[in-house]
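[1] Next input, structure requested:
(one chain, ligands or ions: 2)
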Amino acid sequence: MARQRKGPANNTIRHLITKLNPRSPISEQYRTIRTNLQFAAVDEQLNTMLVTSAGPAEGKSSTVANLSIVFAQQGKRVLLVDADMRKPTVHYTFRVDNRRGLSSVLVGELELDEALTKSDIENLDILPSGPIPPNPSELLGSNAMRKLLELAKQHYDLIIFDTPPVLAVTDAQILANEVDGSLLVVRSKQTEQDAAVKAKELLTPAKSKLLGVVLNDREVTKNQYYYYGE
Ligand SMILES: Nc1ncnc2c1ncn2[C@@H]1O[C@H](COP(=O)(O)OP(=O)(O)O)[C@@H](O)[C@H]1O
Ligand SMILES: [Mg+2]
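    Ligands and ions are numbered 1, 2, ... in the order given. I've put the predicted structure just below:
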């Protein structure tokens, strides 16, 4: 994924390139990732997947948001779930209420359809994190989580999870055992090689398949950009 123009570093405003500018070369790269994911899972179902990375701020949430959009643009019914119940950002990105969400369903307070919300993109629904719970990894490994997945699969073609960093906490590893596949994001000039290798090792024994690695924030020259041009 090529470097995007720097936006504000905080979590309040986030621009979604695939929504704002679907014809840009960067959006095209997200569509390439979409195609590659479909090839990676060619013989199996890819109804549920997670996106993670070794450490913080490597592009998990940006990747998850833009991938959800390009799958929805393809006509798939998509549910984006913010399973980063430690530093949730999906509600900022899609400007939705976070007072109810995944945690509310997992603790039995709300039903799934009461906690999720439509986004302003056709075919894309959002389940924000909900209030931050004291025990995210326990909730993600619970029977309630498995029930939620079974129910969501009846209504969506693709359920895609944003997660916390895999080297920091066990959440992504736990969830990797419940989904069909995982995607690892590596950020150019940021993710240490050892960290990326370790992250891959942590995800490999999971029941789900490691679908691939996204290289985020790759420096490109102007010419390379136009090479992809329309
Ligand atoms: N390719 C990129 N180009 C420019 N900024 C990026 C890129 N990828 C991520 N960012 C920015 O870096 C910050 C962290 O990204 P984010 O997707 O929230 O990472 P994570 O979910 O791994 O913590 C955000 O401010 C985001 O806008
Ligand atoms: Mg994030």
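
[2] what comes up buried for the helix ranked longest in the chain?
    Longest helix of the chain, by residue count under DSSP state H: helix 25-40. Buried residues in helix 25-40, counting neighbours by 16 or more other CB atoms under 10 Å, are found at 25-31, 33-34, 37, 40. C-beta: built from backbone N, CA, C; applies to glycine.

[3] could you dump these to CSV with distance to residue 162 and pLDDT?
    Formatted as CSV, the buried residues of helix 25-40 follow (distance: CB to CB, whole Å; pLDDT from 0 to 100):
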residue, distance to residue 162, pLDDT
25, 24, 94
26, 19, 94
27, 19, 96
28, 22, 96
29, 19, 96
30, 15, 97
31, 20, 97
33, 15, 97
34, 17, 97
37, 16, 95
40, 19, 88
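
[4] which strands and helices sit next to the host helix or strand of residue 175?
    Using DSSP states H and E, residue 175 falls within helix 171-176. Counting contacts by 3 or more CB pairs under 8 Å, 6 or more residues apart in numbering; DSSP states H and E, helix 171-176 is packed against strand 48-53, helix 136-140, helix 193-203.

[5] Would you mind listing the buried residues in the shortest one?
    If you call a residue buried by 16+ other CB under 10 Å, then helix 136-140 has these buried ones: 136-137, 139-140.

[6] And for the last one?
    Residues of helix 193-203 classed as buried under the neighbour-count rule (16+ other CB under 10 Å) are 195-196, 199-200, 202-203.

[7] on that earlier part again, in a markdown table, list the helices and strands packed on helix 171-176 along with distance to residue 68 and mean pLDDT.
    What follows is the helices and strands packed on helix 171-176, written out as a markdown table (distance: least, CB to CB, whole Å; pLDDT from 0 to 100):
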| stretch | distance to residue 68 | mean pLDDT |
| --- | --- | --- |
| strand 48-53 | 10 | 98 |
| helix 136-140 | 19 | 98 |
| helix 193-203 | 20 | 96 |
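
[8] any chance of these in TSV, with distance to ligand 2 too?
    Output for these, formatted as TSV (distance: least, CB to the ion, whole Å):
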stretch	distance to ligand 2
strand 48-53	9
helix 136-140	13
helix 193-203	15
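
[9] Against ligand 2, how distant is residue 209?
    Using CB to the ion, to the nearest Å, residue 209 is found at 22 Å from ligand 2.

[10] Can you tell me the closest non-neighbouring residue to that residue?
    residue 181 (4.6 Å; CB to CB, 6 or more residues apart in numbering).
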